[in-house]
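Asks: sharing a model prediction with you, sequence too.
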Amino acid sequence: MSEAAAGTPAAKGKTAAVHDLGYKPYEGPRRPQSTRHRVIVWNQIAMAWRGWWRMKMWLIGAAMMAIGFGAAIYLMFFVTKNPIVQGMLGGSGAPLRMTEFLLPQSVDFTTMIAFVLGLTVVAGVVADDMRAGAFEFYFSRPVRPVDYVYGKVVGSGLIIAAVALGAPLIVALSRVGMAGGGGEVADSLHYIPRMAAAGVTATALYTLVPLAISAIGSRRRYTIAGWAMFYLVIGNTAMLIGHESGISAIGAISIKGTVMSITYALFDVKILFGSEEETFLPPVEAAVAAAVTYTAISIGFLYWRVRRAERAGMGGG
Amino acid sequence: MIELENVSKRYGSIQALAEVTAAIDGGVIGLLGPNGAGKSTLLKVLLGLIDHGGEARVFGLSSRKESFKIRDRVGYMPEMDSYLAGMNAVEMCTYAGELGGLPRSEAMQRAHEALYYAGLEDKRYQKVDAYSTGQKQRVKLAQALVHDPELLFLDEPTNGLDPSARGDMLDLIADLPKRRKCSIILSTHLLPDVERVCNNVIIMQQGRLRFSGTMAALRGEGRGDRVVDVEVKADMAALADRLAAAGCEVERAPPVGMTVTLPADQDARMIFREARAAGAQVRHVATQTMSLEAAFLRELGAEP
């Protein structure tokens, strides 16, 4: 394989190298064109995996949170089953009921981490590609806009799901694992699909909305700021207006409000602030409608921007 | 290799391509034209990126219906910056190879090869964002090569390069067909670049094809209008008469010079044959070939 370094024009100058790896035509099989989006998925994850502050630190945070909730649930079980403590509490069984609250509450915590991951990993993805002219890189190859969108959505989605779905599922499995006997295990299995549904909802919204925001412009600092602004300022303001005006459906504009409303509904838990009317969360019907709308608008906008860039992004003349 | 049949493309009121019909063989082909001539639009059409009228075929494949098959066999070096933020050159070229269908290990090996070939072997682990203009041009060439294409589209590859880097880039382009057995379409508005590396040329202006053929044909060589300057030691008249009788157009420049336009089926050896017969001693023969710039301007309908 090796030949004289002088064989290539580039080797003539001051960058002359010791080795020339040579050239032979590639005659092996090629990856089917229908699977090229998987390359984009894995590249998205590989890029996010770099450095501590993009992804790893937040995964560790989510794991610690899951362990913390698991420990809290264990403590509740210990308290409930310990006759001395039960005697002190008058046998109310309140600690055991607390676990019913801890499960959806774990989603509340993971959404905080998912929001941060949205900032560090997701909200700059398409903006970076626009700024660097990467659409020419992608679309001069057998990659369609739908492959690009699929790759970015699934790649980002798997990263967010590790936190927003994985951690709550660990908490739910901890709850099931602490059940006493076979019958008790069977009775608690329903927590898993409920938690999975909550986690999938959170994953979808915390992936798609920042990804769509990242397609608005070509400067990542602005798109990241846009996601933060939308999530923190607009979301919280909407919940506040919903609460103050009595039209709590307005709170469904908040991504967090939407996710938590659906989550609490899945676990049949109500978080009240004094009375039934004082909840900040939107009604579940409004939350479901908002989740569906956000999903559809985000995917539609993302595809439209990428399709437009594909058509317009190859230079002029 | 490429067949175009009445290819048209309109952007609103602008006719980017107008009924372009051509058949283009392999080799290094210069795609020449002023800004707005339709060069990049033609490349887009060939890659199947834009809808168009007429029929464009690459390797016998329709660019409208089989664009993915074409893109697997074509490498594209874009004019503008085109890299992936946060990646180094090896990662970017490996990624390009994988998107081009290569298995990961093969893509990585070829990424190193392509970067070595492009002269970036000692910079290949640096982030592309921080590259100089010349290095970015080189990495764009490497990413276009990595999946082993049979045809390369190079869009203004020497843009922004200093003379030394430009020379290196043109050396690379000239070497590619020999070393990698691939054909090249070099889109540029720089005539010296085409003159240096291309053996065929396509000239476009305002979306219309003005010329398609070899460089020699563009300059007028072999088209029966070759002009030769001749000087003789003595007896210019006898030679001039013989050449005129043999079908040449002779313009005398006394006392010893003449300009001879040779017939289509003759070459400069005819001068020596006739000189021997006329007993004249030829002291100087030089073919007047048209400069590329003059030929280019002629095709565009402008005065040289």
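Replies: Perfect, thanks for sending it.
Asks: distance of residue B:110 from residue B:97?
Replies: Per CB to CB, to the nearest Å, residue B:110 is found 5 Å from residue B:97. The C-beta positions use only the backbone N, C-alpha and C, and glycine is treated the same way.
Asks: list the residues that contact both of the two?
Replies: Listed contacts common to residue B:110 and residue B:97 are B:146-147; contacts here mean CB atoms under 8 Å, 6 or more residues apart in numbering or on different chains.
Asks: give the contact list for residue A:224.
Replies: By CB under 8 Å, 6+ apart, residue A:224 lies in contact with A:119, A:123-124.
Asks: and these, which is closest to chain B?
Replies: Proximity of these to chain B (CB to the nearest CB) peaks at residue A:124, which lies at 8.4 Å.
Asks: any chance of the contacts of residue A:224 in TSV, plus pLDDT, neighbour count and distance to chain B?
Replies: Formatted as TSV, these follow (pLDDT from 0 to 100; neighbours: other CB atoms under 10 Å in any protein chain shown; distance: CB to the nearest CB, whole Å):
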residue	pLDDT	neighbour count	distance to chain B
A:119	96	17	16
A:123	96	30	14
A:124	94	25	8
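Asks: can you give me the helices in chain A?
Replies: A:36-49, A:57-81, A:83-89, A:94-117, A:125-131, A:134-139, A:145-164, A:166-177, A:182-188, A:191-214, A:220-228, A:235-245, A:255-266, A:284-312 (DSSP state H).
Asks: tell me which of those lies nearest to residue B:105.
Replies: With CB to CB as the criterion, residue B:105 lies closest to helix A:36-49 of the helices of chain A, at 13.7 Å.
Asks: put the alpha carbons of the closest one into PDB.
Replies: Taking C-alpha atoms only, helix A:36-49 is exported to PDB below (Å, rounded to 0.1, in the frame of the first residue of the first chain):
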ATOM      1  CA  ARG A  36     -28.300   6.700   5.500                       C
ATOM      2  CA  HIS A  37     -30.400   8.600   8.100                       C
ATOM      3  CA  ARG A  38     -29.000   6.200  10.700                       C
ATOM      4  CA  VAL A  39     -25.500   7.700  10.100                       C
ATOM      5  CA  ILE A  40     -27.000  11.100  11.000                       C
ATOM      6  CA  VAL A  41     -28.500   9.700  14.100                       C
ATOM      7  CA  TRP A  42     -25.300   8.300  15.400                       C
ATOM      8  CA  ASN A  43     -23.300  11.300  14.400                       C
ATOM      9  CA  GLN A  44     -25.700  13.500  16.400                       C
ATOM     10  CA  ILE A  45     -25.200  11.400  19.500                       C
ATOM     11  CA  ALA A  46     -21.400  11.200  19.000                       C
ATOM     12  CA  MET A  47     -21.100  14.900  18.700                       C
ATOM     13  CA  ALA A  48     -23.200  15.400  21.900                       C
ATOM     14  CA  TRP A  49     -21.100  12.900  23.800                       C
END
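Asks: same for that helix, what does it pack against?
Replies: With contacts taken as 3 or more CB pairs under 8 Å, 6 or more residues apart in numbering or on different chains; DSSP states H and E, helix A:36-49 sits against helix A:145-164, helix B:89-99.
Asks: what about it, average pLDDT?
Replies: In this model, helix A:36-49 has a mean pLDDT of 94.
Asks: now do the buried residues in stretch A:143-155.
Replies: Residues of stretch A:143-155 classed as buried by neighbour count (16 or more other CB atoms under 10 Å in any protein chain shown): A:143-145, A:147-155.
Asks: export that stretch to PDB, keeping only CA atoms.
Replies: What follows is stretch A:143-155 as a C-alpha-only set of coordinates in PDB (Å, rounded to 0.1, in the frame of the first residue of the first chain):
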ATOM      1  CA  VAL A 143     -29.700  12.300   1.700                       C
ATOM      2  CA  ARG A 144     -33.200  13.700   1.500                       C
ATOM      3  CA  PRO A 145     -34.600  16.400   3.700                       C
ATOM      4  CA  VAL A 146     -36.700  13.800   5.400                       C
ATOM      5  CA  ASP A 147     -33.600  11.700   6.200                       C
ATOM      6  CA  TYR A 148     -31.900  14.800   7.600                       C
ATOM      7  CA  VAL A 149     -35.000  15.700   9.800                       C
ATOM      8  CA  TYR A 150     -35.400  12.100  10.900                       C
ATOM      9  CA  GLY A 151     -31.700  11.900  11.800                       C
ATOM     10  CA  LYS A 152     -31.700  15.100  13.800                       C
ATOM     11  CA  VAL A 153     -35.000  14.300  15.500                       C
ATOM     12  CA  VAL A 154     -34.100  10.700  16.500                       C
ATOM     13  CA  GLY A 155     -30.500  11.600  17.400                       C
END
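Asks: returning to that earlier point: mean pLDDT lowest for which of the helices of chain A?
Replies: helix A:83-89 (a mean of 67).
Asks: contacting residues for the closest residue to residue B:143 other than its chain neighbours?
Replies: Spatially, and ignoring its direct neighbours in sequence, residue B:143 is nearest to residue B:96 (4.2 Å; CB to CB, 6 or more residues apart in numbering or on different chains). Residues near residue B:96 by CB under 8 Å, 6+ apart: A:137, A:141, B:107, B:111, B:143-144, B:146-147.
Asks: cool, thanks, talk later.
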